[in-house]
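Enquirer: Need a 3D model of the sequence below.
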Amino acid sequence: MTDQVLVQPHLSDVDSCGVVFSSTLAGESYYVVNSDSSGKTDVVTGGASGSEVMFVRHGTPLDHLPPRVAGAIALVIELRSVLEHELLDVEYAVNTSGEFFLLQVRPLVAASKHRLAAAAETAFQAARAKVAEFNKQAIGIVVLSDMSDWNPAELIGGRPRALAVSVFDYVITQKTWRAARARLGYHQPVGLGLLQTIAAHPYIDVRASAASLLPATLNPELRQALVEEALSYLAEHPQLHDKIEFGVVPTAFTPAYDEIFARFAETFTPDELEHIRTSIRQLTEKLILGDPESVGDLMAEINRVDHARLALLEGAHEDPLGAVEGLVRDARERGFELFSAIARLAFVGTAFLRALVRVQTIKADRADAFLRSLRTVAGELADAMDAYANGTLSLPALLAQFGHLRPSTFDVTSPRYDENPELYLGSARARRETPPQTEPFVWTADELEQISTAIRAAGLDIDANGLLRFIADAIVGREEAKFIASRTISDALKLITTWGQAHGLTRNDLSYLTLSQILSLDGNADAGTRARRLVEASAAQYAADSTVLVPDIITSADDLDVVTYISSQPNFCGTNRVVKQPILVRPGATNADITDRIVLIESADPGFDWVLTRGIAGLITRYGGAASHMAIRCAEFEIPAAIGVGVRFDALTRATRIDLDPINQRIGSLT
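Expert: Purely as a prediction, here's the structure:
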């Protein structure tokens, strides 16, 4: 029975085909079903786009699955029994009559998770129970999303550790997010938090988010109906979960409002439609006119917060955790509330600019040119790094202004620039010897008239120049406010690191502790010993939680049994098409040569701005929205980018060349 040649009959009536793994490549307890319905048998194995991937938890009843998926898994279960081998890679096809054909089977090379098997199952059941309980307590439709509103998957990552989650939650998502909006005239859903963590993955409660993005003047019953409508619409169009402010919830009134929200006519009466329209229009007018607070008012206040930060640091040497408590409290009560308010104004400005393009009042390239003309803190950092590389700015001077930056603002394991300058600046070089002279951006008289006409047609009582100043001030202010607010958090994490070192705790150790656990150890004689016990328990739980696969959006506990990922439309920036070699950059990995490469980053906050100074060809991120930090940065630097590619990210990291075409909104790859 050795040295035989097997000849397989040709299949001519293929309806669909696919590949099934009996576990993930990391060894987690899921069947991985990668299928394609094009009728071709090489689409999945060839790596072409368009195939669908589904992760099915072992033990999920097959009658809960689509027939084709259930059949593929049944085939694997049978093969595991016949071959007496647990880890299998199976290639199959289905004909038009629904019959399954085995094309290939081979051993699957996967990591063993057996040592975590019991803990992994416990973590899975705990995650499922948490979602079920959340659904039980909720009124109406439930949508948990990892990229809505404060975009936690972008800001703290897909699997953040305890310290990052707890600081992020304390300073932003417990109450700051709604308090900031209430001061601008939005509804405040009192008592509601925004963040939920499921198996160490952060999610936003979209119901709470949607309620906070509607005017306070709306009739309460109508507000509730709007929230339900938005959640229903999002459930039907999950690819919009990172764009809820621009098409799911009416957060601002623009010339494109009637076009974007034409669907409301199917749900609401004419009187209700007029009340919604009027409330949102009046709030938008007030925000643009600086009522109750202008961007300038908010920026003046956040600069005072920065002065308070310095005062809080004065006693840090004697009492580091006391200073930490003061810093995070001030960040919560003032710094991030102000940043959140300014960010909301920037969303309004961005929505208005996008709307002017959508209704063809201005051209897309002119909107891009306008954004590039805005001078943000990113430009200041780039110029400072140029000056340092050219020898015209000293390292101490550069770090005095930018030293607090760290990739991943809330991650204590990520060093600040001033903690390891060689890591970030060792290979810095000037982008140019002499900056090119460019004409300042100026709107033409015709453009201003067209913008004025669009504003009047929408029934808004604002002028074009005032609107454009508001958009510019809000977008620039948002980046400056984030820069200032992040300073407080960065200083707090630095002090936590100092305290940890005194008790024999590494950055990695500290990352597993919550903020409240660390503060509770202040003054404890055996703080180091107690902390290490907490670290061990937290690390074990994190390892178990990390074996649980979770989707981008959760609506019920069943979504954890069968996990699918959304292929959301990326947010493209730039006008130049580039075809270049990609390079994956992780926090701290700054020594790689990224010049003239397309850089791939999981998520990018201000600490990653250094990549923009290295002459990169393009940028791609897994997470990020239309108004995210890197979307603004790439527009300013004229860098072709795709922000928030989602599930495609992993495949792109394996490509040998990437074709990034922002104008045609396409990403091609050669593997």
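
Enquirer: So which bits of stretch 233-242 are buried?
Expert: Tyr233, Leu234, Pro238, Leu240, His241, Asp242 (16 or more other CB atoms under 10 Å). All C-beta spots, glycine's among them, are computed from the backbone N, C-alpha and C.

Enquirer: before we move on, what about stretch 182-197?
Expert: 182-189, 192, 194-197.

Enquirer: Go through those and name the one nearest Glu86.
Expert: Lowest distance from Glu86 to those (CB to CB) belongs to Thr197, with 31.0 Å.

Enquirer: Would you confirm that that closest one belongs to a helix?
Expert: No: the assignment for Thr197, made by DSSP: H, G, I helix; E, B strand; the rest coil, is strand rather than a helix.

Enquirer: ok, the closest residue in space to Leu448 that isn't next to it in sequence to Thr653 distance?
Expert: Leaving out its chain neighbours, the residue that sits closest to Leu448 by CB to CB, 6 or more residues apart in numbering is Ala464, at 4.9 Å. Separation of Ala464 from Thr653 (CB to CB, to the nearest Å): 44 Å.

Enquirer: try Glu133
Expert: 36 Å.

Enquirer: The two: who's more crowded?
Expert: Set Glu133 next to Thr653 and count neighbours by other CB atoms under 10 Å: Thr653 wins out with 16 against 11.

Enquirer: Return the set of buried residues in the host helix or strand of Leu298.
Expert: In this assignment (DSSP states H and E), Leu298 forms part of helix 295-312. Applying a neighbour-count criterion of 16+ other CB under 10 Å, one finds Val295, Leu298, Met299, Glu301, Ile302, Val305, Arg309, Leu312 buried in helix 295-312.

Enquirer: Same question for stretch 21-34.
Expert: Phe21, Ser22, Ser23, Thr24, Gly27, Glu28, Ser29, Tyr30, Tyr31, Val32, Val33, Asn34.

Enquirer: Using CSV, list the CA coordinates for that stretch.
Expert: Output of stretch 21-34 as CSV, limited to C-alpha atoms (Å, rounded to 0.1, in the frame of the first residue of the first chain):
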residue,chain,number,x,y,z
PHE,A,21,-9.0,23.6,10.0
SER,A,22,-9.9,21.6,13.0
SER,A,23,-8.5,24.3,15.2
THR,A,24,-7.0,27.8,14.7
LEU,A,25,-3.3,28.0,13.8
ALA,A,26,-2.7,29.1,17.4
GLY,A,27,-4.5,25.9,18.7
GLU,A,28,-7.7,27.4,20.0
SER,A,29,-10.8,25.2,20.1
TYR,A,30,-12.5,26.5,16.9
TYR,A,31,-13.2,25.0,13.5
VAL,A,32,-12.0,27.6,10.9
VAL,A,33,-14.2,27.4,7.8
ASN,A,34,-12.9,29.5,4.9
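
Enquirer: pLDDT of the longest helix that the chain contains, averaged?
Expert: Of all segments of type helix in the chain, defined using DSSP state H, the longest is helix 464-502. For helix 464-502, the mean pLDDT works out to 96.

Enquirer: who touches the closest residue to Asp473 other than its chain neighbours in this structure?
Expert: Excluding its sequence neighbours, the residue lying closest to Asp473 (CB to CB, 6+ apart) is Val295, at 4.3 Å. The contact partners of Val295, taken as CB atoms under 8 Å, 6 or more residues apart in numbering, are Ile342, Leu345, Phe470, Asp473, Ala474, Gly477.

Enquirer: burial of the fifth one, as a residue count?
Expert: Here the neighbour count serves as a burial measure; for Ala474 (other CB under 10 Å) it reads 25.

Enquirer: ok, back up a step: list the contacts for the residue nearest to Leu448?
Expert: Trp443, Leu448, Glu449, Ile451, Ser452, Ile455.
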